[in-house]
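A.B. asks: pasting a predicted model and its sequence here:
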Amino acid sequence: ITLDGEGNLYIAGEAESSLSGINAGGRDWFVSKISSSSGELDSNFGDGDGSDNDGILLLNESEGIDATNYEYINSIVLDGAGNLFVAGYIETDSGLYNAYVMKMDASSGVLDSEFGDGDGNDNDGIVQINGFNSSNASGEQEISSIALDGLGNLFVAGYTSSPLSGADTGSSDGFVIKMDATSGVFDSDFGDGDGSDNDGIMQINSGNVIDASGYDFINSIVLDGAGNLFAAGHTRGSLSGGNGGDTDGFIIKMSASSGLFDLNFGDGDGADNDGILQINTNKVAGAGDEDFINKIIHDGLGSLFVVGVTTSSLSGTKDGYSDGFVIKMDETNGLFDSSYGDGDGVDSDGVLQINASNTSSTGSRDGIASAALDGAGNLFVAGYTNGTLSGANGGYFDAFVIKMSAASGLFDATFGDGDGANDDGILQINASKV
């Protein structure tokens with residue numbers, strides 16, 4: 001989901017229905033454009049799918065592409081110049097996943113015919129990661145996150161089971177690709193350090209980490225405006241220091257120009273100054289189980305926030321099978337912010353864990369999927385729970401939103417009305433609210 005600054009909201013996902021035109025396969029992706037004030041669909045959007053001007057773009061055969069299998073959207077972004085980029089993966093006839101990026105006009109939804117060069121089918125508005133633009137894409141690839149730098153460059157990140165660049169050293173390796181946002185051609189100045197330099201691709205492998213023999217997924221990326229790219233995800237390897245549990249979250253800081261890791265980043269995890277911060281027992285005493293990072297954001301003031309789900313006791317005591325968490329750290333070195341993390345049973349450790357110290361829930365499954373900052377010192381996180389974080393549980397799993405201070409992590413007691421437990425900082429989508 002994204003906003004364009006003119007009151008328009010873009011929502012992307014998948015459908016097994018014929019939302020617009022005819023469904024081409026088991027599951028087609030779609031993009032809807034609606035008014036953020038009224039919720040009405042924009043009748044100028046959605047051209048080319050067999051049902052024009054209905055506010056919905058459905059990827060189907062009307063677009064002139066093979067969309068007979070399953071297609072998924074994982075990320076969507078606007079460039080400020082009237083262009084919309086979507087990325088994800090498609091299922092091929094052989095059952096493998098191939099990653100793709102599409103560029104379209106944000107007004108009409110028509111694919112940009114100047115975009116898509118280098119993948120064997122130029123000027124169709126689509127870049128597919130395949131053997132034409134990488135050294136070997138015979139396995140699976142999935143794009144999880146995309147970002148624009150304001151300088152005409154598009155970055156995409158995800159995971160691959162192929163040696164896209166250098167050697168493939170695990171069952172899945174995280175990757176970042178930098179391409180021209182106009183044409184989709186990969187940037188030949190990017191991708192250093194992974195055994196195959198200057199190919200536009202940075203792959204996490206034995207060329208740039210200690211041990212990438214396990215699987216490594218990049219789930220989210222963000223740019224800081226100062227030439228740095230941060231990638232976050234999870235690994236079963238020992239990318240930096242030792243592995244703290246079955247699965248560890250990680251953050252990598254690299255140059256957005258070259259892809260080389262920043263050796264000033266990554267302190268405290270058992271292998272300092274390698275550009276990688278791994279959430280392990282060297283960094284957090286209680287990180288002995290599974291920790292997944294789903295989203296990374298930058299506040300523009302020198303701090304990074306990462307959110308996700310853990311089965312460890314990162315801060316305070318774990319409450320139930322899994323807890324959502326937020327970590328705030330310094331963007332320069334990766335050190336946790338000791339002024340953050342209050343209210344979860346262990347204050348001022350840089351970690352905020354959703355547990356019995358700050359919610360009414362006990363013994364549930366909770367996870368945080370996404371986060372956003374408002375520019376006024378507030379952090380909003382959203383996720384899922386099968387517990388009673390606020391009010392009663394409305395079904396097996398409820399969605400929730402928490403508003404907290406970006407400085408301390410304390411929940412905002414003026415937020416959360418209407419769910420059966422007002423003024424607790426939490427809004428749970430339950431029968432009291434809907």
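C.D. replies: Arrived safely, thanks for sending.

A.B. asks: and stretch 294-302, how far from the chain's centre?
C.D. replies: 12 Å (Cα atoms, centre = their mean, to the nearest Å).

A.B. asks: what residues sit buried inside that stretch?
C.D. replies: Asn294, Lys295, Ile296, Ile297, His298, Asp299 (16 or more other Cβ atoms under 10 Å). In short, each C-beta sits where N, CA and C put it, glycine included.

A.B. asks: nearest to Glu140 among these?
C.D. replies: Of all the buried residues of stretch 294-302, Glu140 sits closest to Asn294, with 20.1 Å by Cβ to Cβ.

A.B. asks: could the buried residues of stretch 294-302 go into CSV alongside distance to Phe30, pLDDT and secondary structure?
C.D. replies: Listed next are the buried residues of stretch 294-302 as CSV, based on distance: Cβ to Cβ, whole Å; pLDDT from 0 to 100; DSSP: H, G, I helix; E, B strand; the rest coil:
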residue, distance to Phe30, pLDDT, secondary structure
Asn294, 23, 98, strand
Lys295, 23, 98, strand
Ile296, 26, 98, strand
Ile297, 26, 98, strand
His298, 29, 97, strand
Asp299, 32, 97, coil
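
A.B. asks: now tabulate the residues you listed in a markdown table and tack on distance to Gly5.
C.D. replies: Below are these laid out as a markdown table (distance: Cβ to Cβ, whole Å):
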| residue | distance to Gly5 |
| --- | --- |
| Asn294 | 26 |
| Lys295 | 22 |
| Ile296 | 23 |
| Ile297 | 18 |
| His298 | 19 |
| Asp299 | 20 |
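
A.B. asks: let me know the closest of the residues you listed to Gly320.
C.D. replies: Distances from Gly320 to the buried residues of stretch 294-302, taken by Cβ to Cβ, are shortest for Asn294, at 18.0 Å.

A.B. asks: quick check: neighbours of the host helix or strand of Phe217 in the sheet, parallel or antiparallel?
C.D. replies: Using DSSP states H and E, Phe217 sits within strand 216-223. Partners of strand 216-223 in the sheet, by DSSP bridges, are strand 228-235 (antiparallel).

A.B. asks: could you export the partner strand as PDB, CA atoms only?
C.D. replies: Below are the C-alpha coordinates for strand 228-235, written out as PDB (Å, rounded to 0.1, in the frame of the first residue of the first chain):
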ATOM      1  CA  ASN A 228      23.800   4.000   2.100                       C
ATOM      2  CA  LEU A 229      21.500   1.000   1.600                       C
ATOM      3  CA  PHE A 230      20.300  -1.100   4.500                       C
ATOM      4  CA  ALA A 231      19.000  -4.600   4.000                       C
ATOM      5  CA  ALA A 232      17.200  -6.600   6.700                       C
ATOM      6  CA  GLY A 233      16.000 -10.200   6.900                       C
ATOM      7  CA  HIS A 234      16.700 -13.500   8.500                       C
ATOM      8  CA  THR A 235      19.300 -16.300   8.200                       C
END
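
A.B. asks: from start to finish, how long is stretch 119-133 in a straight line?
C.D. replies: 6 Å (Cα to Cα, to the nearest Å).

A.B. asks: so what's Tyr14 bridging to?
C.D. replies: Check again: residue 14 is Glu, not Tyr. Trp29.

A.B. asks: what's the answer for Val307, then?
C.D. replies: Going by DSSP bridges, Val307 forms beta bridges with Lys295, Val326.

A.B. asks: ok, it touching Ile293?
C.D. replies: Yes: counting by Cβ atoms under 8 Å, Val307 does reach Ile293; the two are 7.2 Å apart.

A.B. asks: just give me the neighbour total for Leu148.
C.D. replies: 18 (other Cβ atoms under 10 Å).

A.B. asks: list the contacts of it.
C.D. replies: Val77, Asp79, Phe85, Leu154, Phe155, Ala181, Leu223 (Cβ atoms under 8 Å, 6 or more residues apart in numbering).

A.B. asks: 7 Å instead?
C.D. replies: Val77, Asp79, Leu154, Ala181 (Cβ atoms under 7 Å, 6 or more residues apart in numbering).

A.B. asks: show me where the stretch 151-300 of the chain has helices.
C.D. replies: Counting by DSSP state H, counting those that start in this stretch, no segments of the stretch 151-300 of the chain form helices.

A.B. asks: which residues in it form strands?
C.D. replies: Per DSSP state E, counting those that start in this stretch, the stretch 151-300 of the chain carries strands over the ranges 153-160, 173-180, 201-203, 216-223, 228-235, 248-255, 276-278, 291-298.

A.B. asks: can you add distance to Ser138 and give these back as JSON lines?
C.D. replies: Listed next are the strands of the stretch 151-300 of the chain as JSON lines, based on distance: least, Cβ to Cβ, whole Å:
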{"stretch": "strand 153-160", "distance to Ser138": "10"}
{"stretch": "strand 173-180", "distance to Ser138": "14"}
{"stretch": "strand 201-203", "distance to Ser138": "14"}
{"stretch": "strand 216-223", "distance to Ser138": "19"}
{"stretch": "strand 228-235", "distance to Ser138": "23"}
{"stretch": "strand 248-255", "distance to Ser138": "25"}
{"stretch": "strand 276-278", "distance to Ser138": "28"}
{"stretch": "strand 291-298", "distance to Ser138": "27"}
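
A.B. asks: so what's the closest residue to Ser165 other than its chain neighbours bridging to?
C.D. replies: Excluding the flanking residues, the one nearest Ser165 by Cβ to Cβ, 6 or more residues apart in numbering is Ile201, at 3.7 Å. In this entry, Ile201 is beta-bridged to Ile177, by DSSP bridges.

A.B. asks: gap between the residue nearest the centre of the chain and Ser313?
C.D. replies: Centre of the chain computed as the mean C-alpha position; nearest residue by Cα atoms, centre = their mean is Ser220, 3.2 Å away. For Ser220, the distance to Ser313 equals 24 Å [Cβ to Cβ, to the nearest Å].

A.B. asks: please apply the same query to Val209.
C.D. replies: In terms of Cβ to Cβ, Val209 sits 27 Å off from Ser313.

A.B. asks: out of the two, which sits in the busier spot?
C.D. replies: Taking other Cβ under 10 Å, Val209 and Ser313 do not tie; Val209 has more neighbours (29 against 20).

A.B. asks: hang on, isn't that one packed against Leu239?
C.D. replies: Yes: in this structure, Val209 is within contact of Leu239 by Cβ atoms under 7 Å, at 4.5 Å.

A.B. asks: can you list residues touching both of these two?
C.D. replies: Ile276.

A.B. asks: thinking again about what came up before, out of the strands of the stretch 151-300 of the chain, which gets nearest to Asp344?
C.D. replies: Here strand 291-298 is closest among the strands of the stretch 151-300 of the chain (Cβ to Cβ), at 15.2 Å.
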